[in-house]
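S.K.: predicted model and sequence follow; I will ask about them next.
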Amino acid sequence: MNALLFNSTLVIYAAATAIYLMYMVKPNQTLGKAGQWTTLAGFLVHCGFTLNRYLEAGHTPITNLHESLSFFSLAVVGIFILFERRYKIFILGSFVMPLALLILAVSASFSAIIPPLNPALKSKWLAVHTVMAFLGYAAFAISFGVSVMYLIQSHFLKKRRLGPMFQKLPPLDMLDDISYRCLTFGFPLLTFAIISGAIWAETAWGTYWSWDPKETWSLITWFIYAALLHGRLTTGWRGRKAAMLSIFGFAVVLFTFLGVNLLLGGLHSYK
């Protein structure tokens, strides 16, 4: 059942991605709605896969790279659905759904076997810490997609090339506002994830902070987004500077999540 639900999700997300890319080429309401409903269908099947995995494993299924990448993709799609319905921007799916599909496809390259749970992970903090972290990461993923759109639109304006693509993308002010909303949504979640992780670490290893590679890079990620949020709130950081820092921040998120696990190891390493 797990394999069927996972593969079905992969196929539906691929279909949604294709529809949104077609929408980017030739926008129309029918394609936009089709992409929206296909994405929602994929999200529901993905939820079914995650629930089934939870029932089989007996714990929150975010304990190895296959599960974690899958949940990351699920969170990205869930947050995307909320923002798409809030702002009614179909073309946002042209930038976000390929990312969600890629994350899910990468998860398929790792073993889907449910391993015995590491003793350190047998804690009530597992669900709290990991879910908060991935929801925060998902919000930053949406901000990343919006920031890419902002830079493309800004480039067209700077070069005075107001061609077909310029007409398809939302105004700069709207893109900047969405990016800011993603930041204010994701940053508190990341903050809470780090705090809950420190509490969990104290109960599991007897110390709140050990400068493990994952902890260190999580803190670096927090400082980057804290700087971005501080700049926007106090000095009015907007536009290209904020968009570029948002893109850089998400690159650090990906390294913190995936790069650290594969390259640096440590107490938080899992595959």
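M.R.: Cool, the structure landed.
S.K.: then the helix or strand where residue 85 lies to PDB, C-alphas only?
M.R.: In this structure, residue 85 is located in helix 65-87 according to DSSP states H and E. Provided in PDB are the C-alpha atoms of helix 65-87 (Å, rounded to 0.1, in the frame of the first residue of the first chain):
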ATOM      1  CA  LEU A  65      15.800  10.600   4.300                       C
ATOM      2  CA  HIS A  66      13.100   8.900   2.400                       C
ATOM      3  CA  GLU A  67      10.400   9.900   5.000                       C
ATOM      4  CA  SER A  68      11.900  13.300   5.600                       C
ATOM      5  CA  LEU A  69      12.100  14.300   2.000                       C
ATOM      6  CA  SER A  70       8.600  13.000   1.400                       C
ATOM      7  CA  PHE A  71       7.300  15.000   4.300                       C
ATOM      8  CA  PHE A  72       9.200  18.100   3.200                       C
ATOM      9  CA  SER A  73       7.500  17.800  -0.200                       C
ATOM     10  CA  LEU A  74       4.100  17.400   1.500                       C
ATOM     11  CA  ALA A  75       4.700  20.500   3.600                       C
ATOM     12  CA  VAL A  76       5.800  22.500   0.500                       C
ATOM     13  CA  VAL A  77       2.600  21.500  -1.400                       C
ATOM     14  CA  GLY A  78       0.400  22.200   1.700                       C
ATOM     15  CA  ILE A  79       1.800  25.700   2.300                       C
ATOM     16  CA  PHE A  80       1.600  26.400  -1.500                       C
ATOM     17  CA  ILE A  81      -2.100  25.500  -1.600                       C
ATOM     18  CA  LEU A  82      -2.700  27.900   1.200                       C
ATOM     19  CA  PHE A  83      -0.900  30.800  -0.500                       C
ATOM     20  CA  GLU A  84      -2.200  30.100  -3.900                       C
ATOM     21  CA  ARG A  85      -5.800  30.200  -2.600                       C
ATOM     22  CA  ARG A  86      -5.000  33.300  -0.600                       C
ATOM     23  CA  TYR A  87      -3.500  35.300  -3.500                       C
END
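S.K.: what is that helix packed up against?
M.R.: helix 2-25, helix 29-57, helix 92-107, helix 125-159, helix 172-205 (3 or more CB pairs under 8 Å, 6 or more residues apart in numbering; DSSP states H and E). In this view, the C-beta of every residue, glycine as well, is placed from N, C-alpha and C.
S.K.: can you check the pLDDT for the closest residue to residue 67 other than its chain neighbours?
M.R.: With sequence-adjacent residues excluded and distances taken as CB to CB, 6 or more residues apart in numbering, residue 67 is closest to residue 61, at 4.4 Å. For residue 61, the model assigns a pLDDT of 85.
S.K.: give me the contacts around stretch 6-19.
M.R.: Identification of contacts with stretch 6-19 by CB atoms under 8 Å, 6 or more residues apart in numbering yields 31, 34-35, 38-39, 41-42, 45-46, 49, 70, 73, 77, 93, 97-98, 100-101, 104-105, 108, 112.
S.K.: just the buried ones out of the residues you listed, please.
M.R.: Buried members of the contacts of stretch 6-19, counted by 16 or more other CB atoms under 10 Å: 31, 34-35, 38-39, 41-42, 45-46, 49, 70, 73, 77, 93, 97-98, 100-101, 104.
S.K.: which sections of the stretch 51-200 of the chain are below the confidence cut-off?
M.R.: For the stretch 51-200 of the chain, the stretches with pLDDT under 70 are 119-121, 159-167.
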